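>>> Coordinates for the following, if possible.
(chains A and B, ligands or ions: 1)
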Amino acid sequence: MSAREEILERLRRKASNVEMPGAWQSQRNFPDLAERFTASLTAVRGEVRRAENLEAALVEVGTILEEVSAKTVVANNESPLSDVALAERWPECAWHIVGQSSGDLREFCAGADVGLSGVEAALAETGSLVVHSGVGKSRLATLLPPVHIALVPVSCLAPDIFTWTASRNQEAPMPSNLNLISGPSKSADIEFTLTLGVHGPKRLVAVLYE
Amino acid sequence: MTATLSEFRQRAKTAIEDVRLQGALDGGTGKLWEMRRLTFEELPNSDALRDHFKAIRSATLRNLVEHLETFEKNATAAGANVHWARDGTDAREIVISIAQEHGVKLVTKSKSMATEEIHLNEALAEVGVEAIETDLGEYIVQLAEETPSHIIAPAIHKTRHEAAELLGRESGRSLSPDDLTTLTGEARKLLRKRFLTAGMGISGGNMIVAETGSVVLVTNEGNARMVTSVPPVHIAVVGIEKIIPTWDAAAIWLSLLARSASGQPLSIYTSVITGPSRAGDPDGTGEVHIVLLDNGRSELVGTKYEEVLQCIRCGACLNVCPVYREAGGHSYDSPYPGPIGAVVTPLLLGRENYEALPHASSLCGACKEVCPVRIDLPRMLLELRADQVAERTIPWKERKAEEAGAFVFKHEKLMRFMTNAARLAQRPFSRDGKLHLPQRLNPALERQLPALAKRSFREMWKSGELEEK
Ligand code: SF4
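As a prediction, the model looks like this:
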């Protein structure tokens, strides 16, 4: 008998059908999702900048790029970034637009100062960003550079993880890689003292716009 | 790896006499425990949520076969290769053959207890494959040629001086123990190089989700993201009990896990891997393998020990356990220390090798109360002891004590009375908050336990009082 059959056969002999409890209903009712998101992400050392519209959000992005003296930036080619002429807007930076620029993406990400992305969703309770892999969406762009800037429209905020999973489209396939990002990379492995950026970005800035 | 009565006793004694280790254990576990309390306070209806989750875990285990088959079907449809391993030998062979097929010489690993359970790193080393642990704590422990001593804080026993020396030796620089930013910066550089050159990444799996065939990995550092996205091949080794049927249920798992483990509302990174990169993905892994590890788990289904399979490995029970907090993780000599380790280690890794572990408990019940799945560890510790008595695997002297112990525990009122009586009776033997019992009064382990607090753990727990003892 193969290992598979052996294991499954043993389990089959002992199986019984017990009713599975239903989904847990979110108990959260935040009066202001954006406010809660901001408070939660800030509490875990993430940063949130608020903007009135996409244009104002892009101005914020420019300010951050300047703050960190960014010279090389990798940007995912996704909403809302795909509609922005990034390289024209910030010609002082060298850009790699995922799926468009030539050159080795991994190498570029490993040397980039900033990774710029959109999000699929964001969770207010925990200050989390949901990012997917897919066409124009690099996994490494939000992981390898020391700074990750994410453009987050207020309309994509869900109250918490339970409302988010409940709203999941069961027909749509999962991306090969999905990440819930709830703060900058953090470690407390040496004497329980917090340090940032041990593997992932040490700065995470969400630019939240209306 | 073993923990006989005398080995456990000896190692615990060494740990108790190590003043620095005692400080680290007290401080570290105390901090995690307090942070856990704060996040649970903030979570509405958390008691009902825990009950709900226990019902899900219990129902899932009752029909593991159906969920595993669903998982296999969906993971395969997403392009992952699903392998089944009866035991450590099977699992090691599967991993080694994939490594050899790809000519891999260097593997980066993200913290995984299942691979420690089957000694995968040693097996890889034997065939010339170097495996580097990438969780900072695990990396430090690996550089020191030691084993982790806490489920979620593997280097809880190491000082920053030791970390500075180990990392300094590796990077050829002298590093100051007082500058943690430079220290972790150095680790980042060292490990970055490894990530970018490794031929394969190996991870465990915090859970696997049947409805989408996904592997879920949770870290704060982001090393699991690295391991599963940078090298061309990814292997996840996961115990078959880590399955959850749906994303609705997985959300509860994630929420309870982060809160119980470290008092975070969610861990920094929750990574969901559903097969290898798709057409159009700009980067990622070309191959994903999932090794479903049994290694004794299916034997436990349907027995009085089935409940132990509900564990989500959060480590909360370690932080509240008076024995773990004194004896430290290494006394157990198992990848699974603390109360959960005392139950699951003998069951998965051989009762004959770990005869002491069912006794490494004061049966105070704090583990059960803190557990997000409310696993009745004290009950199973007693079952294991009773089995030892029935099978006559421990000497007569201990057996007598155990019989008495089991009898007392089964009669709750009597137990409460005995605990109170013990508090009075210990007075003559209690010094510096430690209990020094004359050996003839304390036959089972001749252990030196922390003296029973003026109020029991259980009483303090119930009243919400959580200060350090
Ligand atoms: S037994 Fe409970 S508290 Fe202990 S590690 Fe498992 S889930 Fe956490």
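
>>> buried residues in the longest helix seen in chain A?
In chain A, taking DSSP state H as the definition, the longest helix is helix A:54-67. Buried residues in helix A:54-67, defined by neighbour count with 16 or more other Cβ atoms under 10 Å in any protein chain shown: A:54, A:57-58, A:60-61, A:64-65. To be clear about C-beta, it is placed using only N, CA and C from the backbone, and glycine gets the same treatment.

>>> so which of those residues comes closest to chain B?
If you rank these by distance to chain B using Cβ to the nearest Cβ, A:Ile64 comes first, at 20.1 Å.

>>> Assess the claim that the closest one and A:Leu151 are in contact.
No - in this structure A:Ile64 lies outside contact range of A:Leu151 using Cβ atoms under 8 Å: 11.3 Å.

>>> Relative to B:Ile290, how far out is the closest residue to chain B within chain A?
Residue nearest to chain B within chain A: A:Gly200 (3.0 Å; Cβ to the nearest Cβ). For A:Gly200, the distance to B:Ile290 equals 24 Å [Cβ to Cβ, to the nearest Å].

>>> The nearest residue to B:Glu69 once chain neighbours are set aside: what's it in contact with?
Distances taken as Cβ to Cβ, 6 or more residues apart in numbering or on different chains place A:Leu8 nearest to B:Glu69, at 7.1 Å, with adjacent residues excluded. Contact analysis of A:Leu8 by Cβ atoms under 8 Å, 6 or more residues apart in numbering or on different chains lists B:65, B:68-69.

>>> Turn these into CSV, including distance to B:Glu146, secondary structure and neighbour count.
Listed next are those as CSV, based on distance: Cβ to Cβ, whole Å; DSSP: H, G, I helix; E, B strand; the rest coil; neighbours: other Cβ atoms under 10 Å in any protein chain shown:
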residue, distance to B:Glu146, secondary structure, neighbour count
B:Val65, 39, helix, 20
B:Leu68, 35, helix, 23
B:Glu69, 40, helix, 15
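
>>> Save the residues you listed as JSON lines, and put in pLDDT and distance to B:Val320 too.
Below are the contacts of A:Leu8 laid out as JSON lines (pLDDT from 0 to 100; distance: Cβ to Cβ, whole Å):
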{"residue": "B:Val65", "pLDDT": "97", "distance to B:Val320": "34"}
{"residue": "B:Leu68", "pLDDT": "98", "distance to B:Val320": "32"}
{"residue": "B:Glu69", "pLDDT": "98", "distance to B:Val320": "37"}
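
>>> picking up where we left off before, in which helix or strand would I find the residue of chain A closest to chain B?
For A:Gly200, there is no enclosing helix or strand under DSSP states H and E.

>>> what are the phi and psi angles of B:Ala360?
The phi/psi pair for B:Ala360 (degrees, to the nearest 10) reads phi -80, psi 60.

>>> what's the answer for B:Val288, then?
phi -120, psi 130.

>>> which residues are common contacts for A:Ile64 and A:Leu151?
Residues touching both A:Ile64 and A:Leu151 by Cβ under 8 Å, 6+ apart: A:Val207.

>>> any idea how far the residue nearest to B:Trp33 when sequence neighbours are not counted is from chain A?
Excluding its sequence neighbours, the residue lying closest to B:Trp33 (Cβ to Cβ, 6+ apart) is B:Asn319, at 4.4 Å. B:Asn319 is 12 Å from chain A, where distance means Cβ to the nearest Cβ, to the nearest Å.

>>> Could you tell me whether B:Asn319 really is in a strand?
No - counting by DSSP: H, G, I helix; E, B strand; the rest coil, B:Asn319 is not part of a strand but helix.

>>> For the residue lying closest to B:Ala55 once chain neighbours are set aside, pull up the helix or strand it's in.
Closest residue in space to B:Ala55, ignoring its immediate chain neighbours: A:Pro21 at 4.7 Å, by Cβ to Cβ, 6+ apart. Here A:Pro21 is covered by no helix or strand, with elements defined by DSSP H and E.

>>> Which residues are in contact with the residue of chain B found nearest chain A?
Closest approach between chain B and chain A, counting by Cβ to the nearest Cβ: B:Gly222, at 3.0 Å. By Cβ under 8 Å, 6+ apart, the contact set of B:Gly222 is A:143, A:185, A:198-201, B:268-269.

>>> Need phi/psi at it.
According to degrees, to the nearest 10, B:Gly222 has phi 100, psi 10.

>>> returning to what we had before: what is the burial count for the residue nearest to B:Ala55?
17 (other Cβ atoms under 10 Å in any protein chain shown).

>>> Same check on B:His119?
B:His119, neighbours per other Cβ under 10 Å, totals 14.

>>> what sits against the closest residue to it other than its chain neighbours?
The shortest distance from B:His119 to any non-neighbouring residue, by Cβ to Cβ, 6+ apart, is to B:Gly88 (6.8 Å). By Cβ under 8 Å, 6+ apart, B:Gly88 lies in contact with B:117-119, B:295.

>>> Narrow the residues you listed to just the buried residues.
Here, 16+ other Cβ under 10 Å leaves B:117-118, B:295 buried among these.
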